[in-house]
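Engineer: predicted model and sequence follow; I will ask about them next.
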Amino acid sequence: MAYLFATGALLGLLTLIVPHMSEVNDLALALLASAALVIAAIVWVSGDRIREWHIHAVLATGTLIVSLANYYAGATTLYPVLYMWAALYAFYFFRPAEALAHMALVAVSYAVVLAIQDPESAIVRWLLAVGTPLVAGLLISRLLHRLSDRAQQIEQSEARTRMVLDTAPDAFITLDRDGVIMSWNAAARRLFGWTAAEAIGQTMRALIVPPEFSDRHDQRRNALIASESATATERFEVEFQRRDGSRFPGEATVSKVDIQGEVFVSGFITDVTERLRRQAEREALLREQAARAEAERVAELVGGMQALVDAALAHRTLDGILRELVTQVRGVLDADAATIYLADESERLTVGASAPGDITGGDAFANRVGEAREAMLARNDASANGGALVGVPLLAEGEVMGVLVACATPPREFGGEDLTLLRLAAERVGLAIAHARVYEREHRIAETLQRSLLPDRLPSLPGLEVAARYLPAASEAEVGGDWYDVIPIAGGAVGLVMGDVAGKGLAGASMVGRLRSALRAYALEGHDGARVVEQLNRLLWTEAEDSQMATMLYVIVDPAANAVRWVNAGHPAPVMVVDGEPRFLEGAGSVPLGVLPFPTYEEVSDRMDPGSTLLLYTDGLVERPGENIDDGMAELAARVREAPEDPDALCDHLLATLVPAGGAMDDVALLTLRNLPVPDHFSAEFPAEPESLAPMRSMLRRWLSHAGAGELEIAEIVTACGEAATNAIEHAGVSGGTRFEVSGGRDGREVEIAVRDQGSWREQRPGDHGRGLDLMRTLMDTVAVDPTPEGTIVSLRRRLGGNGGPG
Amino acid sequence: MDDLVHVHIEQREGDDVVVARLTGELDISGAASTGQRIADAVPSSARGVVVDMSQLDFIDSSGISMLFELARRVGSRRQELRVVAPAGKPVARVLDIVEFDRAAPVHADVDSAVAEMA
């Protein structure tokens, strides 16, 4: 802009020089030229600092000079040029009104010069000479006045700006390029504690910048000033210092201001303590929410784990564990299906359990997981119909027990979290499966062993009816050590055993085995009950590990004598049912086996008339958790009272009414024996084999006893009948018969026994030398052999007369 | 099925005499095996065998046949058989009927049987 003014001034000077050729007032011209030059020089030198009114002044002066120059030079032809110039730059620099004012000035000057050059009178010339400057002065003063109005407006505007800045909530500070504070608003005073008067003129770095940040402050300011852009703005957070020395975090928004080459820096400073605090609070809140979410996630994971492990622990059978696990895994993972594959002996994976069904392609994936021995994730798995698969190996002691696989279809995807959960679960599940397998194997062995120790078929005992039940505890509990046995003893008696070994599982079952065979041996050796039990105690005391213990009841029923004898080693008392009324056979109670080295066991006896029933049982039948055992016994008595007399029906009724629907807590063993009423006539059929002889003799003894035969009579008649029966068995072996029948009747004092077979009669058996027939004939009054086409009937008669042999 | 008859073997007088004690009931179901057991239990060095039937509750012709056979086998090895059956018991009655004392001596107790064998 300064150059344009200089050009204008030179152009004005040129108008002075050009007419100088014709007629000259040299001194005046020189003065005018000098004045123009001085003005031009001033304009040139003042440069950037020129203000608007300077321009107007220069213009007006220039116009006057040109007018005077024209006056003296008289070169009227240049006026239009002058006019055009003035108009041109006036329009260029000013608003239209001011441009027109300058043009008016030029027009007036033009008129004045024209008038003076041709003066009509001295007064006119004087008036013109005086009036022209006057009009010019008026115009200029008017112009100046307007200029001052504008200046005032500007000042007001500045004041308003200052006021706005003063009332602004943020501190506003202006610095010059050296960092000296130029302005300082009210907010700055409130913020920093310094008044504007104190602050202005100080450097910012000395006043409000903490010492350690001084250098950075300078660097930042210099960089801003040096930046290419004229209005660079920067925003940064930095610490400021108050008058009292306290500090606060502030946000500064600083701008480089370049007003016509004068560069300074202005900036707003905001105290962001509150904002930072809120931000910190918000962040803390977010962190807390994140932490809570994480905690909830972990809790959910742990919950899932818990559910899985609980599921595993709640069941004691492998099947139960697996079934529960797949159901739980499917639920926790929100999966479509879950399958557990188990490794068999050859490490091949087969499905152990699935919920709700097997996973398509799951076995291939399971094999991959099993081989890799680590958790795997498969997305968009082709084998799973594009779904996602997740699998973990179930390890126990380094062995892959199996693989757990779950699948899901989009949009459900498995992620690292699912993998983590499964890994957590897999470890324990693997162990649970391993334990369950060991347990199951042991349980199976123990159960098999124990079952093998119970008589699979009760002996058929003449005149006696026996029934037994063994109910293992609910499948998930230990196999107990209950056992019972029925041992036919010489002379027609029968030994009943009911025992309960305290040890469970394998150890218990094997001890049952030893006690059972030992008892059979002792009993068959003919020891009395007390002695048998004492020997068993000896066995348990000396040989059992871990001080094993057993309760046992040994009962000998002698139907021939209608008597019962028993020894009780700490076992629940047996029940005698006579005419439907139960009675506990107390007495003979002593300590369980294995408790004392030399306990005393005594045998107690009682009557057992035909028609009465004996009931032996283990405590599983009468013990219930949280109940007094006496209540259980009373309950048992009540159930017996209402039960039918038939041993089988009695067992069924007791199990049905005393054992809970879900199975007993403990094993239940039950043995009933009924001493059947003895009829006057009897008839019994036996298989044609040597093993039938002993039961047949028992039956005969009992019946003969009932019929009033003496001891020796019984022995002799039984011997004779035994010979007949042996013949029948021999005949069957030759002619292919399968059964023989023994029947008996009494006619007053005479008894008749008939043995009927399906073979043909032979006088003597091989190697027998006729001794069988000799015995029959010697021991009986009459022996009749009646061979028929259907078989042979041997009839034996003898008159009872006391203990003597036949006449 | 468990054996109806039990055989308990013991040595007396050093290895000289074998005592076989029978318990239970001896019929055709257990006669042959019992005879075999007793015969097997008698070493050739022994002087003889005593079959103790004082605890035996029953014997039939099968058992008697076994005893006769045992007497024959023992005799063929130049050894002695003696049986024990207290009088008045069913077993003694049967032995009496079949005149078993023609095959081997019948004693009332084991000690006398063993003593006789010495």
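Structural biologist: Done, it's in. The structure presented is a predicted model; accordingly, all values stated were derived computationally and were not measured.

Engineer: need the contact list for A:Ser227.
Structural biologist: A:Lys256 (Cβ atoms under 8 Å, 6 or more residues apart in numbering or on different chains). The C-beta positions use only the backbone N, C-alpha and C, and glycine is treated the same way.

Engineer: how about the helices in the stretch 101-250 of chain A?
Structural biologist: Using DSSP state H, counting those that start in this stretch, the helices of the stretch 101-250 of chain A run over residues A:122-167, A:186-192, A:196-199, A:204-207, A:214-226.

Engineer: helices or strands next to the second one in the packing?
Structural biologist: Pointing back at helix A:186-192 there. Counting by 3 or more Cβ pairs under 8 Å, 6 or more residues apart in numbering or on different chains; DSSP states H and E, the packing neighbours recorded for helix A:186-192 are helix A:122-167, strand A:171-176, helix A:196-199, strand A:262-271.

Engineer: give me the buried positions along the second one.
Structural biologist: Read it as strand A:171-176. Neighbour counts over strand A:171-176 (16 or more other Cβ atoms under 10 Å in any protein chain shown) mark A:171-175 as buried.

Engineer: ok so, going back, mean pLDDT for the helices and strands packed on helix A:186-192: which is lowest?
Structural biologist: If those are sorted by mean pLDDT, helix A:122-167 sits at the bottom with a mean of 65.

Engineer: hang on, the earlier thing: could you export the buried residues of strand A:171-176 as JSON lines, including distance to chain B?
Structural biologist: Shown next, in JSON lines, are those (distance: Cβ to the nearest Cβ, whole Å):
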{"residue": "A:Ala171", "distance to chain B": "114"}
{"residue": "A:Phe172", "distance to chain B": "117"}
{"residue": "A:Ile173", "distance to chain B": "117"}
{"residue": "A:Thr174", "distance to chain B": "122"}
{"residue": "A:Leu175", "distance to chain B": "120"}
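
Engineer: part of a helix, is A:Ala560?
Structural biologist: Yes - assessed with DSSP: H, G, I helix; E, B strand; the rest coil, A:Ala560 lies in a helix.

Engineer: show me what contacts it?
Structural biologist: A:491-493, A:701-702, A:705, A:714.

Engineer: what's the closest non-adjacent residue to it?
Structural biologist: A:Ser705 (4.3 Å; Cβ to Cβ, 6 or more residues apart in numbering or on different chains).

Engineer: and A:Pro411, that's in a strand?
Structural biologist: No - secondary structure of A:Pro411 (three-state DSSP): coil, not part of a strand.

Engineer: quick one: the strands in the stretch 601-750 of chain A?
Structural biologist: A:604-607, A:613-617, A:668-675, A:682-687, A:739-747, A:750-756 (DSSP state E, counting those that start in this stretch).

Engineer: partner strands of the lengthiest strand in chain A, parallel or antiparallel?
Structural biologist: Using DSSP state E, we find that the single longest strand of chain A is strand A:247-259. Strand A:247-259 pairs in its sheet with strand A:233-241 (antiparallel), strand A:262-271 (antiparallel), by DSSP bridges.

Engineer: redo the ones you listed as JSON lines? Include mean neighbour count.
Structural biologist: As requested, the strands paired with strand A:247-259 are exported to JSON lines (neighbours: other Cβ atoms under 10 Å in any protein chain shown):
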{"stretch": "strand A:233-241", "mean neighbour count": "14"}
{"stretch": "strand A:262-271", "mean neighbour count": "19"}
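
Engineer: out of these, which gets nearest to A:Leu654?
Structural biologist: For the strands paired with strand A:247-259, proximity to A:Leu654 was assessed by Cβ to Cβ; strand A:233-241 is nearest, at 89.2 Å.

Engineer: got the angle between the closest one and helix A:214-226?
Structural biologist: Following axes from the mean of the first three to the mean of the last three Cα atoms, to 10 degrees, one obtains 160 degrees for the angle between strand A:233-241 and helix A:214-226.

Engineer: could you check the angle strand A:233-241 makes with strand A:171-176?
Structural biologist: Going by the same axes, to 10 degrees, strand A:233-241 makes 110 degrees with strand A:171-176.

Engineer: what average pLDDT does strand A:233-241 get?
Structural biologist: Rounded mean pLDDT across strand A:233-241 is 86.

Engineer: kindly report the same for stretch B:77-86.
Structural biologist: 93.

Engineer: buried stuff in it?
Structural biologist: Buried residues in stretch B:77-86 (16+ other Cβ under 10 Å): B:79-85.

Engineer: looking at those residues, which is nearest chain A?
Structural biologist: Distance to chain A across those (Cβ to the nearest Cβ) is lowest for B:Ala85, with 13.0 Å.
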